[in-house]
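> Output the structure for:
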Amino acid sequence: MTVPYAAPLRALHWTTAGLVLALFAIGWAIDFTSAAATRKLLLTVHQSIGLLVVLLAVSRLFLRSRLGVPRPVQGLPRWMDLLSRATHAAFYLLMVALPLSGWFYTGAKGGTVRFFWLVRLPRLSPADDGWADFAFEVHELVGFALLFLIGAHVAAALYHHFVRGDETLRRMMPLSPRLS
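Numbers count the residues shown, from 1 in each chain. Coordinates of the predicted model:
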């Protein structure tokens, strides 16, 4: 019998996925916005959601350690299992590195990060244009790496579902019952 992921892990997975997609959309919208007030609003929302993703990633890791994760589906080749584990580790690393690089960039540009207008976070770096340029490049590079990983993750899930015909995708769906 294939066991689905625990409901809280599924909920956090899909919430995180939606927020990450929103982050990309908002990030690109910032690039195409010239009105200063709108740009500032979008930037604050982008930063806040990014920090929220870090909190969700940490929560997911905590819940994974408490609730465990189901074993891989039966018949999965060892290399697929290892690739899946490496991909998930990379996801967690990137979900932390991306917001931190943005936070570092904001400080290096002389700005401050506010978490939904409620909490002003300390700068991670002194104002320095050279560091700001470097941090922005890192932020973009990590963002594209995350985007690539998302594409690979979705492709792998669809491969499992439509080609292999296994329960890999179904056990992460929001309303997954016990699978047979």
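> from here on, contacts and neighbour counts on C-alpha atoms
Will do.
> Just say helix, strand or coil for R120.
Recorded secondary structure, R120: strand (DSSP: H, G, I helix; E, B strand; the rest coil).
> burial measure for the residue nearest to it when sequence neighbours are not counted, as a count.
In space, and not counting its chain neighbours, R120 is closest to R114: 4.4 Å by Cα to Cα, 6 or more residues apart in numbering. Neighbours of R114 under the rule other Cα atoms under 10 Å: 18.
> residues contacting R114?
Applying Cα atoms under 8 Å, 6 or more residues apart in numbering, we find R114 in contact with 44, 47-48, 120-121.
> Out of these, give me the one that has the most neighbours.
Neighbour max across the contacts of R114 (other Cα under 10 Å) = Q47, 24 neighbours.
> from what I can see it touches G111, true?
No: Q47 lies out of contact with G111 (Cα atoms under 8 Å); the separation is 11.7 Å.
> remind me which residues of the protein are low pLDDT?
Confidence mapping of the chain against pLDDT under 70 gives the ranges 1, 176-180.
> can you give me the helices in it?
Secondary structure of the chain, counting by DSSP state H: helices at 7-31, 36-67, 78-108, 129-158.
> Roughly how far does the residue nearest to R120 sit from Q47?
7 Å (Cα to Cα, to the nearest Å).
> sorry, back to before: name the nearest of the contacts of R114 relative to V69.
S48 (28.7 Å; Cα to Cα).
> so what's the residue most central in space within the chain up against?
Here the mean C-alpha position of the chain is nearest to the C-alpha of M95 (Cα atoms, centre = their mean), at a distance of 4.2 Å. By Cα under 8 Å, 6+ apart, the residues touching M95 are 53-54, 57, 146.
> rerun at 10 Å
Counting by Cα atoms under 10 Å, 6 or more residues apart in numbering, M95 touches 16, 20, 50-51, 53-58, 89, 142-143, 146.
> Same check on L12?
Counted by Cα under 10 Å, 6+ apart, L12 has contacts 18, 53, 56-57, 59-60, 63, 174.
> Any chance of JSON lines for those residues, columns distance to V163 and neighbour count?
Shown next, in JSON lines, are the contacts of L12 (distance: Cα to Cα, whole Å; neighbours: other Cα atoms under 10 Å):
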{"residue": "G18", "distance to V163": "26", "neighbour count": "11"}
{"residue": "V53", "distance to V163": "32", "neighbour count": "24"}
{"residue": "L56", "distance to V163": "31", "neighbour count": "18"}
{"residue": "A57", "distance to V163": "30", "neighbour count": "21"}
{"residue": "S59", "distance to V163": "32", "neighbour count": "14"}
{"residue": "R60", "distance to V163": "29", "neighbour count": "21"}
{"residue": "L63", "distance to V163": "31", "neighbour count": "16"}
{"residue": "P174", "distance to V163": "22", "neighbour count": "18"}
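> could the residues you listed go into JSON lines alongside distance to D128?
Below are those laid out as JSON lines (distance: Cα to Cα, whole Å):
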{"residue": "G18", "distance to D128": "33"}
{"residue": "V53", "distance to D128": "27"}
{"residue": "L56", "distance to D128": "30"}
{"residue": "A57", "distance to D128": "30"}
{"residue": "S59", "distance to D128": "33"}
{"residue": "R60", "distance to D128": "34"}
{"residue": "L63", "distance to D128": "38"}
{"residue": "P174", "distance to D128": "45"}
